[in-house]
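[1] The sequence and its predicted three-dimensional model are supplied below.
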Amino acid sequence: MDKQPYILVVDDDPDILDGILAVLESQPYRLQTARDGKRCLEMVEVERPDLLILDLLMPRMDGFAVIRFLRENPAYDKLPIMVLTTVVEDASRRRYELETGMNMDVQDYIQKPALPGELIRRVKRLLEPAAKPH
Amino acid sequence: MMNTAANVRTPDTRPEEAELLHRLRQFIALRWVAVAGILASAATAQRVFAIQVALAPILATSAGVAACNIAFWFWARSDDRLARTGRTLAHAQIVTDLLGLTVLLHLTGGIENPFFLFYFLHVGLGIILLESRDVYWVTALAIGLFALLVGTEYAGWLPHRRLPGFLPGELYRQPAYVVAVLAAFATTLSLVSAVATRMMVELRRRREAQAHVQALELEQVRQQLDELDRMRTFFLALASHDLKTPLAVAINYIQTILDGFVGEVEQKQRRWLERSVVRLQELLQLIDDFLDASQLDGARIAQELEPTCLETVVRQAVAEISPRARERQVAIQTEIPPNLSWVLGSPKRLHRLLINLLDNGCKFTPTGGRVTLTLAEEDDCVRVDVADTGAGIPTSYLPHVFEDYFRVRRQEFIPGAGLGLSTARRIVEAHGGRIWVESPYCPGQPGSRFTFCLQKASVKNDDHP
């Protein structure tokens, strides 16, 4: 059965969520949104997404903590994550390393603003069966 | 992030060790003076005071001490060997000195010779050189040797050599005198040795405690610096996030409209929206430049230096700048000699440096102009020239172009914060180099040429795949 890929988009800024949805809704995906890291993890527990699009700086629980939680949990350590943030990649990686002593294990990192065509292309690539570990 | 290796000492260079090795060599040198002193005092006693001493055995003993000293000198020549066997050499030197002193005393009147006070000197040297436990052995050895000498002479087992002309009578046979001297000698030497050793131990302990406290303080300061660095990175990330997010949203919306995700856009609307995106992108770039400049830390860059293929960095930078150059109709040329040496650099920072210089060249070169990037090998560095065919820089502005926020006044508006060249200068300086500008660089032709040199790494281009 050909199911639509399920993408969970997490960002505290409703305008950014709307922007991403406006672009990705043009594609055959099933989309859900969360406004912070805690809600994101609750939703991941309920249904495992095929791709997590994650902002880093958010209230309640930030993206760094979400990545750390997922990567330390064997059930989710292979869940594809695309970071979508305004933070420069270098600075994020340094901070993650400082806080956890580990490399930030994410499949893609896009610095906002993500151009619509570029976003679609990179989401498609992460959802390709070959890109999936299982 | 911080370099901690500097605080770690290797075991063979501990200060106490280094001090011991230094002292051992000093004592070997002093022993030559002592041998000369023995010979001089023997001669003085005979010639000046008319005391009859047997010169031949004294010479023989001095020769023996000198022979031992030559052996010590060879022993102490190699730093390695000395570091391994320093303590043994210290013991050997002190035992040799005590034996030599005892033999010399025997040859020059035994208990009647006041030079037995020299035992104090040798025990004193032992206190400086040895661990406190060993000092007690040396003290006991000194007392034992002297008592043995005095006792055997008293008992008549060893012939007593009188010093005719020095002392009347035969003191060495007076039991009260022998006992009194031996008792006074043994108690004084033991007490002096005990007190001095205690002081020495206390001094060493204090020094170690002080060193320990200093190490702790250093570690604390290092941790505070690390924490500050972490906070700074965090706050900059936060500031960058808050400044850039609204812009990112606006650009994203406009781009989504332009890409037709929310309906058709007519030609005129498209043109205005495109111009909005360009201006917003400029602002985004400006914020990045400000944050870059505040995060340019010479010490951090110095840690990032590694052998780098400059040719690769140049090609990437030119590829990145090309669309912008095409827009302005400025040609970008590169001149790279084959088999260029690798340089010592941070690829990421060199990329930024080249982008800044090329971007600067493109901005100030009119349509149809040219920006040329030339690499050239010099003795121990690779020279980089970025030359343009723009209007050039007025002479009065030349000393200021590398300052923060400095911009040359022009008729037309050219975007930028005035940080490109100051950032370039900081990067070059963090690489241990210097950047300069010539304008005009070619007689009779306008334009500017920026030049800097990068130190070569010790590998050649073709050594790398």
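    Looks like it arrived, so ask away.

[2] so which helix or strand takes in B:R271?
    helix B:267-295 (DSSP states H and E).

[3] What segments of chain A are strands?
    Taking DSSP state E as the criterion, chain A carries its strands at A:6-10, A:30-34, A:51-54, A:81-85, A:108-111.

[4] The third one: partners in the sheet, and parallel or antiparallel?
    What it means is strand A:51-54. strand A:6-10 (parallel), strand A:81-85 (parallel) (DSSP bridges).

[5] Out of those strands, which is closest to B:L225?
    Comparing those against B:L225 with C-beta to C-beta, the closest turns out to be strand A:81-85 (27.5 Å). (C-beta placed from N, C-alpha, C; glycine too.)

[6] So which of the strands of chain A is nearest B:L305?
    Closest among these, using C-beta to C-beta: strand A:108-111, at 25.2 Å.

[7] helices or strands up against the closest one?
    Strand A:108-111 sits against strand A:81-85, helix A:89-100, helix A:116-127, with contacts defined as 3 or more C-beta pairs under 8 Å, 6 or more residues apart in numbering or on different chains; DSSP states H and E.

[8] what does that strand rub up against?
    Here strand A:108-111 makes contact (C-beta atoms under 8 Å, 6 or more residues apart in numbering or on different chains) with A:81-89, A:92, A:118-119, A:122, A:125-126.

[9] Can I get it in PDB, CA atoms only?
    Taking Å, rounded to 0.1, in the frame of the first residue of the first chain, the C-alpha atoms of strand A:108-111 are listed here in PDB:
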ATOM      1  CA  ASP A 108      20.400  17.700   6.800                       C
ATOM      2  CA  TYR A 109      20.900  21.300   8.000                       C
ATOM      3  CA  ILE A 110      19.300  24.200   6.200                       C
ATOM      4  CA  GLN A 111      19.900  27.800   7.200                       C
END
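
[10] Find the nearest non-adjacent residue to the residue nearest to the spatial centre of chain A, please.
    Among the residues of chain A, the one closest to the centroid is A:I53, at 2.3 Å (C-alpha atoms, centre = their mean). Nearest residue to A:I53, sequence neighbours excluded (C-beta to C-beta, 6 or more residues apart in numbering or on different chains): A:V9, at 4.6 Å.

[11] That neighbour contacts A:I20, doesn't it?
    Yes - under the criterion of C-beta atoms under 8 Å, A:V9 lies in contact with A:I20, with a separation of 5.4 Å.

[12] what do the two both touch?
    Contact with both A:V9 and A:I20 is made by residues A:I53, according to C-beta under 8 Å, 6+ apart.

[13] Would you mind finding the most buried of the helices and strands packed on strand A:108-111?
    Ranked by mean neighbour count under mean count of other C-beta atoms under 10 Å in any protein chain shown, the helices and strands packed on strand A:108-111 are led by strand A:81-85, which reaches a mean of 23.

[14] mind exporting it as CSV, just the C-alpha atoms?
    Taking C-alpha atoms only, strand A:81-85 is exported to CSV below (Å, rounded to 0.1, in the frame of the first residue of the first chain):
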residue,chain,number,x,y,z
ILE,A,81,16.1,14.9,11.1
MET,A,82,16.4,18.1,9.0
VAL,A,83,17.4,21.1,11.0
LEU,A,84,15.9,24.3,9.7
THR,A,85,17.1,27.3,11.6
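
[15] Name the residues that touch that strand?
    Residues outside strand A:81-85 that contact it (C-beta under 8 Å, 6+ apart): A:11, A:20, A:51-57, A:63, A:67, A:70, A:92, A:106-112, A:114, A:119, A:122-123, A:126, B:241.

[16] and the angle for it with helix A:89-100?
    120 degrees (axes from the mean of the first three to the mean of the last three C-alpha atoms, to 10 degrees).

[17] Run the angle between strand A:81-85 and helix A:116-127 for me.
    Going by the same axes, to 10 degrees, strand A:81-85 makes 160 degrees with helix A:116-127.

[18] Show the average pLDDT along strand A:81-85.
    Average pLDDT, strand A:81-85: 93.

[19] now do stretch B:91-101
    91.

[20] Tell me the buried residues in it?
    Residues of stretch B:91-101 classed as buried by neighbour count (16 or more other C-beta atoms under 10 Å in any protein chain shown): B:Q93, B:I94, B:V95, B:T96, B:D97, B:L98, B:L99, B:G100, B:L101.

[21] doesn't B:L125 make contact with the second one?
    Pointing back at B:I94 there. Yes - between B:I94 and B:L125 there is a contact under C-beta under 8 Å: 6.7 Å.

[22] Switch the strands paired with strand A:51-54 over to CSV, and while doing so, append distance to A:P74 to every line.
    Formatted as CSV, the strands paired with strand A:51-54 follow (distance: least, C-beta to C-beta, whole Å):
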stretch, distance to A:P74
strand A:6-10, 20
strand A:81-85, 16
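
[23] Got the phi and psi for the closest residue in space to B:Q329 that isn't next to it in sequence?
    Among residues not flanking B:Q329 along the chain, B:T367 sits closest, at 4.5 Å (C-beta to C-beta, 6+ apart). Phi and psi for B:T367, reported as degrees, to the nearest 10, are phi -50, psi 140.

[24] separation between B:T367 and chain A?
    Distance of B:T367 to chain A, given as C-beta to the nearest C-beta, to the nearest Å: 27 Å.

[25] Report the separation between that residue and B:T197.
    For B:T367, the distance to B:T197 (C-beta to C-beta, to the nearest Å) stands at 88 Å.
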